[in-house]
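> need a 3D model of the sequence below.
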Amino acid sequence: QLRVLATSREPLGIDGESLCVLPPLDLPPWDVTLADAPGYASVRLFVERAAAVHAGPVLEAESLAAVVEIVRRLDGLPLAIELAAARTRVLPVVEVSARLSDRFRLLTGGRRTALPRHQTLRAVVEWSWDLMSADERLLAERLAVFPAGATPESATAVCADGRIAADAVPALLDALVDKSLLTVDEPTPEGGLRYRMLETIREFGVGRLTERGEVEVARRRHADWFAEVVTIQTHRLYGREQVNGSRALDTERDNILAALRFLGDSGDAARTLRLALELNWWWSLRSAHTEARSWLEFARSVPGASEPGVREMVDAVILMTRGMVSDDTGSADDIEHEGQAASDALEASGVPDYVRPQSVVIRAMLAFFAHRPERAERLIAEALTDDDPWVRAATRMLRAAMAENDGDVATMRLDVDRAFTEFEEIGDRWGLATVLSIRAQLQTLDGDLTGALRSFERAGEHLDALGAHSDEAYTRMRTATVRMRLGDLDGARRDVDEFRASNELGGFGELFSLGIRGLLAAQEGDLDTVREMRTALLEAEDDRRRRHRSQDHERALVLTILVLLDIELGELDEARTLAFDAYAAAQATHDQPILANQGTTTARLLQVLGRDELAAEVLGACARVRGAEDATD
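Below is the predicted model of the structure:
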């Protein structure tokens, strides 16, 4: 009847043994609240151990972020957390967090009564390392260059050579799992097994490679493999395999960015630029415009030769991402001038073949944004005869968007329907989402609000499947405006609440949310909330203008909403002043629907001021500018 309870880093391998795996302590999310943080065992352990050596409170609003970073970067390892807590005797919690980049030097001085291998973090890892075979140690050290973990295929490709046989890698991976050096993710529909290494173990392994002068070789092999992964997966982003290709890149994201960083830091300009350009469409699908701009600028900064047209293409893409990032500080005139220069440079140099088909569409888009209509029309005409069906569908969609901008509703209708059919045949979700959003705007103009709502909802479903959560969140806000026209105020409020809970607010999203909430309150006659939202919206807009140079589109929309809120509050002098400012911003956009939207609000103000005839004239002008009436506004 004997029972033996044993702790060990690996199974004992004896008859009758029942395994109970002890994972690291559970970790809080980065945005955990002060009230919820003590509910996580890793935080609780740190706070309890720190309280034993540290006078005063450990977990406060000011130190919460530092505590979360400590326990997360230490992977929830109890001994590492205890060693970190012990350092709070001489260092503030924030300083302990800041020094974790050198965790093996920092985390020393454990209890004197502990075994020597438990007194420092380095001793803990070294003791486990020394108990492995030579092949196990070498594979573990090479796997340390994988920040996002490795599959058996990628581990073999990067780690196998004359010292580790390729056919030995699977067994060695299993041995490292048994020894608690690796963990295994549950298989997913998109891929098989994935082996991951805790950050603490990774840092130790990289240190061992560095000591022997082998880290650069390992990282170069890693970069070579993942550059090829990107080439393969990005070709899947233009059709039915789009979601799977995007998810594969999502899974390997940290590995891919580590490869991009290594190629740039090692001075390989040609491959760095190519990899960044290949990744651009993936970033676009995921609405990751800030990330795209950051890495494209990194690639552009690497000195050295590249293929003709590559740097010009990178410049063009960076300029276009600036137009999609709400914190850009460039003025509209600056961006237009730079766009004309970039369009000329691309026209003169051509573009590399490996970024087709996106480059064909980007050239036409850049010419349009640079206000080169003749060039844009010529490039569109050429693209519509392209052999690639994706290029033809995307070009038709682009022409529909340009027609909307110009108030050409007839062209919009023709191109939207054809582009929708073509994207359906290709199976491209991004294209379908974009076309459905344009179709919803047409349905709104036609008074088919139920159809518009369904089109926006279907667009959101496609965006959700792609992981484009920012675009999906903004689509939900557009459904809120349609529900308001339908009189479904509860549904509109649900859309706004879901948008606010999506963590996609930031920048213009915060302004848009405040404005919609104010308009909802106005429809319900809740003037106190209208005043509250109006004040918050004006303060947020002023704050953004101080920190960034507001884009004209954003400013025109925000000021137009403020005019409507002032009308509801009876602040007509203020509404009149803001209407002039909104008109100037709307004119600067060269965007006819934006101008028509502002004009409709001006007509509402004129009506309230008793100028009915002039209000009617302005509404007629809005219909001409927009290209159609908008009867349900």
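> check contacts around the closest residue to Ala468 other than its chain neighbours.
Excluding the flanking residues, the one nearest Ala468 by CB to CB, 6 or more residues apart in numbering is Ser287, at 4.7 Å. C-beta: built from backbone N, CA, C; applies to glycine. Applying CB atoms under 8 Å, 6 or more residues apart in numbering, we find Ser287 in contact with Ala468, His469, Ser470, Asp471.
> pull the helix or strand with minimum mean pLDDT from this structure.
When each helix and strand of the chain is scored by mean pLDDT, DSSP states H and E, helix 103-106 comes last, with a mean of 60.
> downstream of that helix, the next helix or strand is which one?
helix 121-130 (DSSP states H and E).
> the stretch 351-500 of the chain: helices as residue ranges?
358-369, 373-383, 389-406, 409-426, 429-445, 449-466, 469-486, 489-501 (DSSP state H, counting those that start in this stretch).
> so which of these gets nearest Ala175?
Smallest distance to Ala175 across the helices of the stretch 351-500 of the chain (CB to CB): 38.3 Å, for helix 449-466.
> okay, buried residues for that closest one please.
Neighbour-count burial for helix 449-466 flags 449, 451-456, 458-460, 462-466 (criterion: 16 or more other CB atoms under 10 Å).
> what's the closest of those residues to Leu619?
For the buried residues of helix 449-466, the nearest to Leu619 is Leu449 (19.3 Å; CB to CB).
> the closest one contacts Leu442, doesn't it?
No. With contact taken as CB atoms under 8 Å, Leu449 and Leu442 are classed as non-touching, separated by 12.0 Å.
> show the contacting residues for Pro23.
Gly76, Thr183.
> in a helix, that's where it is, yeah?
No. Looking at Pro23 with DSSP: H, G, I helix; E, B strand; the rest coil, it is coil, so not inside a helix.
> how much space separates it from Asp543?
Distance of Pro23 to Asp543, computed by CB to CB, to the nearest Å: 44 Å.
> and what of Arg624?
36 Å.
> check Leu511 too.
10 Å.
> neighbour count for those two, which is higher?
Taking other CB atoms under 10 Å, Leu511 and Asp543 do not tie; Leu511 has more neighbours (24 against 12).
> go ahead and confirm the more buried one touches Leu559.
No. Using CB under 8 Å, Leu511 is not in contact with Leu559; the gap is 10.4 Å.
> need the overlap of contacts for the two.
Glu541.
> hmm, back to that, need the contacts of Ser287 in JSON lines (columns: pLDDT).
Shown next, in JSON lines, are the contacts of Ser287 (pLDDT from 0 to 100):
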{"residue": "Ala468", "pLDDT": "83"}
{"residue": "His469", "pLDDT": "79"}
{"residue": "Ser470", "pLDDT": "78"}
{"residue": "Asp471", "pLDDT": "83"}
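> let me know the closest of those residues to Val124.
Checking those against Val124 by CB to CB gives His469 as the nearest, at 38.9 Å.
> how about a markdown table for the helices of the stretch 351-500 of the chain, with distance to Met533 added?
Output for the helices of the stretch 351-500 of the chain, formatted as a markdown table (distance: least, CB to CB, whole Å):
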| stretch | distance to Met533 |
| --- | --- |
| helix 358-369 | 33 |
| helix 373-383 | 39 |
| helix 389-406 | 29 |
| helix 409-426 | 32 |
| helix 429-445 | 23 |
| helix 449-466 | 23 |
| helix 469-486 | 14 |
| helix 489-501 | 11 |
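> got a ChimeraX select line for the buried ones in the contacts of Ser287?
The buried residues among the contacts of Ser287 can be selected in ChimeraX (16+ other CB under 10 Å) with this line:
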select :468,469,470,471
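> may I ask which two of the contacts of Ser287 are separated the most?
For those, the farthest-apart pair by CB to CB is His469 and Asp471; their separation is 7.5 Å.
> anything in contact with each of these two?
Joint contacts of His469 and Asp471 (CB under 8 Å, 6+ apart) are Ser287, Leu463.
> for Asp495, which non-adjacent residue is spatially closest?
In this structure, Asp495 finds its nearest non-sequential neighbour in Ala480, 3.8 Å apart by CB to CB, 6+ apart.
> what residues does the one you found make contact with?
Taking CB under 8 Å, 6+ apart, one finds Gly491, Ala492, Arg493, Asp495, Val496, Phe499, Ile516 in contact with Ala480.
> can I get those in JSON lines with distance to Arg89 and pLDDT?
Output for the contacts of Ala480, formatted as JSON lines (distance: CB to CB, whole Å; pLDDT from 0 to 100):
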{"residue": "Gly491", "distance to Arg89": "56", "pLDDT": "93"}
{"residue": "Ala492", "distance to Arg89": "55", "pLDDT": "92"}
{"residue": "Arg493", "distance to Arg89": "51", "pLDDT": "91"}
{"residue": "Asp495", "distance to Arg89": "51", "pLDDT": "89"}
{"residue": "Val496", "distance to Arg89": "48", "pLDDT": "87"}
{"residue": "Phe499", "distance to Arg89": "46", "pLDDT": "81"}
{"residue": "Ile516", "distance to Arg89": "51", "pLDDT": "90"}
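> any idea how far Ala584 lies from Asp552?
Taking CB to CB, one finds Ala584 at 9 Å from Asp552.
> neighbouring contacts of stretch 491-499?
By CB under 8 Å, 6+ apart, stretch 491-499 touches 473-474, 476-477, 479-481, 483-484, 505, 509, 513, 516-517, 520.
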